[in-house]
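K.L.:
Below are the sequence and a predicted model; questions follow.
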Amino acid sequence: MNKTALIASLALWMVPGPALAASPAAAIAETPVPCIESRNGRHALIVDGAPYLILGAQANNSSNYPAMLGDIWPMLDAMNANTLEIPIAWEQVEPVEGAFDFSYLQTLLDEARVHNKRIVLLWFGTWKNTSPSYTPAWVKLDNKRFPRMKAPDGADHYVLSPLSKNTLEADRRAFVKVIEYLRDHDRQNTVIMVQPENETGSYRVPRDYSAEGNGLFARQIPAALARRTGKSGTWEQAYGKQAPRAFNTWYVASFVNALAEAGKAVKPLPMYVNASLAGPSNVPDPTGVASGGPQWDVLDIWKAAAPAIDFAGPDIYDRESANVIQYLDKYNRPDNALMVPEIGNSAMYARFFWAVIGRGGIGFSPFGMDNSGFLNYPLGAKKIDEATLGTFALPYATLAPIMRDWARIAFARPTWGTAKPDDNTPRHIVMGKWKITATWGERQFGEKEWTWLQADPPPWADKPVGGAAVAQLSDNEYLVMGDHVRVRFTPAGGEPNGVIVSVEEGTFRNGQWVKTRVWNGDQTDYGLNFVDKPQVLKVTTGFYSSK
Ligand code: DGJ
């Protein structure tokens, strides 16, 4: 029996009897380990045994120290966030080889519990935005044992080679220690998900051109990849100009998979990877992309090489609305749950939350949400002022009280989500017998076309705000919410006898809809106008009969 198995079996023997039941450790309820469930092309993140929606926020890169945590919680509270994404760095847990320090992790767990937040832990190891900057000094400085990739001219490239068994073993050992710590100190699963590595790949040099790399590159593609893609032959035969990138993707994904597999053997938490994106529709130049990372066009390579990775998510810092939507659609697949692990924290990004949850997404997380004073402008906000925070806080406030209900419904029922496009054009969907249209920059009362009363446009009319999400609850009932949007229901076939039977504002209690009031008159005559209040509506539709 190995040491881990021995400790596990001792732990079973040591389950406290009634006499010990009052001790604080025994009082901690053991909850089922979170997991991703997929059914009929839809996905749910299961936390504490039920679907959970990540109303997330990611801290800045260097906020992973106990001294910084106090700068994080107030911002998450102000945003109504329920989950913090935060790094844990290899350099911080294993500064000296073989000597592990989990004091930060314990403080993080303690404080998260006090502040009632769940954690997504980001393992900054061999790759952090492709670079080995978060590896311990004993890794960084030993290029013989932990070799960097070689460029075609034989020069060292800054990225650690994914082909190195030493690097894999050392990184995996540290990562597994982290997961062991969670197994032993996080029985209540404060940590709900883990991201092994961060934005993997290599910029400029698409693969390792070392002798070993060249040898492997000349071989046939692996059988698992051939099976998955139907391709065959050598890397060059199978992938042409993309071959160096496809090759590196396979080896990076296999490396990350080895971490995830070993970690899951200890505690089977959901594990995902995040992508530095390279365009929403183009196949990128292998030297102009984080070659090896899980960009949308190489997801099949990741799926074949990394079955222990539950999904890949896009890190979105693209301000064009059509591009954002394309990214969401590219990562929302029957074999890939949609989660946005990072999105810019300027106000204009908040509206895409609706587009994410409307696609059945399991989470959304603006990046750089803490009071450390650091701003990643121009990727994100110039300033995180009250107005900026408010754009994220409003949709989160809408979902926070019903997030379990929304996540449960979105796992089972058709959903739709939309965000104001850059050109301000209406968006619509047909759900069941009804066409649902979202329009932007409308007042709450009246029509834009009314010229007989002079009126100013609403202050948000020309701002990049606004979005809505809808779930079809049954043939004739819909859950609707949003902000800075007008949502209108019209019979999809133009039937003249279609009517809105009722519009109830309310919430869910114990999984049941509870109405607080009925909207009618001015509140429904001009569509359903959501502006700046967290409101959830249940719309009941019908077709009257004259017989
Ligand atoms: C994407 C990375 O994943 C983050 O850690 C961070 O570096 C941002 N880019 C930029 O602020």
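P.N.:
Thanks, I have it.

K.L.:
so what's the residue nearest to residue 491 when sequence neighbours are not counted up against?
P.N.:
Leaving aside its chain neighbours, residue 491 sits nearest to residue 498 (3.2 Å; criterion: CB to CB, 6 or more residues apart in numbering). In short, each C-beta sits where N, CA and C put it, glycine included. Residues near residue 498 by CB atoms under 8 Å, 6 or more residues apart in numbering: 433, 434, 490, 491, 541, 542, 543.

K.L.:
And the residue of the stretch 251-400 of the chain closest to the ligand?
P.N.:
In the stretch 251-400 of the chain, the residue found nearest to the ligand is residue 376; the distance is 3.6 Å by CB to the nearest ligand atom.

K.L.:
For that residue, which non-adjacent residue is closest in space?
P.N.:
Per CB to CB, 6+ apart, closest to residue 376 is residue 368, 5.1 Å.

K.L.:
Next, find the distance separating the one you found from residue 403.
P.N.:
Applying CB to CB, to the nearest Å, the value for residue 368 to residue 403 is 23 Å.

K.L.:
which of those two has more neighbours?
P.N.:
residue 368 (24 against 20; other CB atoms under 10 Å).

K.L.:
ok so, going back, which pLDDT value goes with the residue of the stretch 251-400 of the chain closest to the ligand?
P.N.:
pLDDT recorded at residue 376 is 97.

K.L.:
helix/strand/coil for it?
P.N.:
For residue 376, the assignment made with DSSP: H, G, I helix; E, B strand; the rest coil gives coil.

K.L.:
So which residues of the stretch 101-250 of the chain form helices?
P.N.:
Along the stretch 101-250 of the chain, counting by DSSP state H, counting those that start in this stretch, helices occupy 103-114, 137-140, 165-185, 211-217, 223-229, 235-239, 243-266.

K.L.:
The ligand: which of the ones you listed is closest?
P.N.:
Across those, closest to the ligand is helix 243-266 (CB to the nearest ligand atom), at 14.5 Å.

K.L.:
Show me what whichever helix or strand comes after the closest one is packed against.
P.N.:
Counting by DSSP states H and E, the next helix or strand C-terminal to helix 243-266 is strand 272-276. Counting contacts by 3 or more CB pairs under 8 Å, 6 or more residues apart in numbering; DSSP states H and E, strand 272-276 packs against strand 191-198, strand 311-316, strand 339-343.

K.L.:
and with 6 Å instead?
P.N.:
Applying 3 or more CB pairs under 6 Å, 6 or more residues apart in numbering; DSSP states H and E, we find strand 272-276 packed against strand 311-316.

K.L.:
Go through stretch 453-470 and flag the buried ones.
P.N.:
Neighbour-count burial for stretch 453-470 flags 460, 461, 463, 464, 465, 466, 467, 468, 469, 470 (criterion: 16 or more other CB atoms under 10 Å).

K.L.:
now do stretch 215-230
P.N.:
Those would be 216, 217, 221, 222, 225, 229, for stretch 215-230 by 16+ other CB under 10 Å.

K.L.:
And for stretch 334-351?
P.N.:
Buried residues in stretch 334-351 (16+ other CB under 10 Å): 336-351.

K.L.:
Residue 394 belongs to a helix?
P.N.:
Yes: under three-state DSSP, residue 394 falls within a helix.

K.L.:
wait, what's in contact with it?
P.N.:
Contacts for residue 394 (CB atoms under 6 Å, 6 or more residues apart in numbering) come out as residue 483.

K.L.:
I am finished for the moment; much appreciated.
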